[in-house]
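Enquirer: sequence? don't have it. structure:
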């Protein structure tokens, strides 16, 4: 129990690395992030926005790799809180994986136009909406 704040602190720091604000639910962030990108694409065009989106996705994938590396390192630990640490890391990986899948989905949809994203958003078809 005494190490629970460490897992929570790691998870909170991870959220901040991904761009979440304090006290923001991940699904709310994914919605506003998608809307921000869609607005930029609508104003500037996909060709202008795409390189930044691809760079952002690459950065998030780097965070995913960090989480997987942490899980590998944690699997070598044996102690009274090993299970709790493993569960915390699994929770972080699930959240980061969702973020990556949402970002990849956004990139694919923007190739077809902003309306494709808005239609999927309105009909609850986005990957993060199916996990809400």
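Expert: Good, I have the coordinates. Because the structure is a prediction, the values reported are computed rather than measured.

Enquirer: Centroid-nearest residue for this protein?
Expert: The centre of the chain sits closest to residue 99, judged by CA atoms, centre = their mean, with a distance of 2.1 Å.

Enquirer: What is the least confident helix or strand in the protein?
Expert: Ranked by mean pLDDT, DSSP states H and E, the weakest helix or strand in the chain is helix 4-18, scoring a mean of 51.

Enquirer: about what we covered before: could you look up the SS state of the residue nearest to the centre of the chain?
Expert: Going by DSSP: H, G, I helix; E, B strand; the rest coil, the secondary structure assigned to residue 99 is helix.

Enquirer: for residue 111, same thing?
Expert: For residue 111, the secondary-structure state derived from three-state DSSP is helix.

Enquirer: For stretch 122-132, buried residues please.
Expert: Burial within stretch 122-132, assessed by neighbour count using 16 or more other CB atoms under 10 Å, is assigned to 126, 127, 128. All C-beta atoms are positioned from the backbone trio N, CA, C, and that covers glycine.

Enquirer: Next one: the second one relative to residue 83, how far apart?
Expert: When distances are taken as CB to CB, to the nearest Å, residue 127 and residue 83 turn out to be 29 Å apart.
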